[in-house]
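Trainee: Dropping a prediction and its sequence here:
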Amino acid sequence: RCWRVRVSASAAMQVWRERLQASIAQSRKVYGGNFVQLATAGGDGRPHVRTVVFRGFAEDERAIRVISHSQAAKIAQARENPAAEVVWWFAKSSEQYRLSGRLQVVDSAESDGRLRDLRVSQWKDLSDPAREQFFWPTPGKVVPEGCTDFKDLAPEPLPPGGREPENEAGKRPILAPPDTFVLLLFWPETVHYLKLGTNFAQLDQWDDEHKRWTCKHVVP
């Protein structure tokens, strides 16, 4: 639910999640429509941004799910400083969402049972090629001269599709998620929305005390 704050009667107010779902639906067939830019900060304060894949919502549709290799730089950055921003641009509808919040790392050492289950569920939902990537060599490892396939640098043979060998029933069950597989939850605290063309802009802010979003129509 979106609680309006000083909004003109003509403003098309709508809580950001509902608006975002409509934007996603409109761009569902656009390649890259589920790509978002995630920005973190290193220990030296320098910004780091990369493109990640939106994997859906979690925790009552407030947290955004993405995945990562445990040795990726963004994991170390998220542990040191969980503050982060996400930018999502929808070219088809000319809409931008800029979300500020914090990251939560859910890895193999997670003690919360609900989050452990969520991590396993996310692992099972991945495609075979996506699962297999978590058995690749460590990200950033230098590929030596003469190596024709970086996958040969993996410490162990890659399990095709992240699955077990074929069993007697002719099936290949999915392996348990390796320690390298990390689920990242991004918890938005403010959301800036802008619609180009109409120049409609909205600011949503999370009220943690009352567990609700407040929405303001703002000048872009």
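Mentor: Everything's here; your move. Numbers count the residues shown, from 1 in each chain.

Trainee: for this protein, which spans come out with low pLDDT?
Mentor: 1-12, 59 (pLDDT under 70).

Trainee: can you list contacts of the biggest helix by length in it?
Mentor: Taking DSSP state H as the criterion, the chain has its longest helix at helix 113-125. Identification of contacts with helix 113-125 by Cβ atoms under 8 Å, 6 or more residues apart in numbering yields 55, 58, 65, 67, 106-108, 110, 131, 174, 176-177, 181, 183. Glycine gets a C-beta too; all of them are placed from N, C-alpha and C.

Trainee: nearest to residue 154, of those?
Mentor: Within those, proximity to residue 154 (Cβ to Cβ) peaks at residue 131, which comes in at 14.0 Å.

Trainee: And the closest residue to the closest one other than its chain neighbours, how close does it get to residue 125?
Mentor: Distance criterion Cβ to Cβ, 6 or more residues apart in numbering; nearest residue to residue 131, sequence neighbours excluded, is residue 162 at 3.0 Å. Residue 162 is 12 Å from residue 125, where distance means Cβ to Cβ, to the nearest Å.

Trainee: Pick out whichever of those two has more residues nearby.
Mentor: Shown here are residue 162 and residue 125; by other Cβ atoms under 10 Å, residue 162 has more neighbours (25 against 13).

Trainee: give me phi/psi at the most centrally placed residue in the chain?
Mentor: Nearest to the mean C-alpha position of the chain, by Cα atoms, centre = their mean, lies residue 66 at 2.6 Å. In terms of degrees, to the nearest 10, the main-chain angles of residue 66 are phi -140, psi 170.

Trainee: Roughly how far does it sit from residue 196?
Mentor: Looking at residue 66 against residue 196, where the rule is Cβ to Cβ, the gap reads 26 Å.

Trainee: residue boundaries of the helices in the protein?
Mentor: 16-26, 73-80, 113-125, 128-132.

Trainee: With distance to residue 211 added, can I get these in TSV?
Mentor: Below are the helices of the chain laid out as TSV (distance: least, Cβ to Cβ, whole Å):
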stretch	distance to residue 211
helix 16-26	14
helix 73-80	24
helix 113-125	17
helix 128-132	33
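
Trainee: coming back round to it: tell me if I'm right that the residue nearest to the centre of the chain and residue 55 touch.
Mentor: Yes: when contacts are counted by Cβ atoms under 8 Å, residue 66 is listed as touching residue 55 (5.8 Å).
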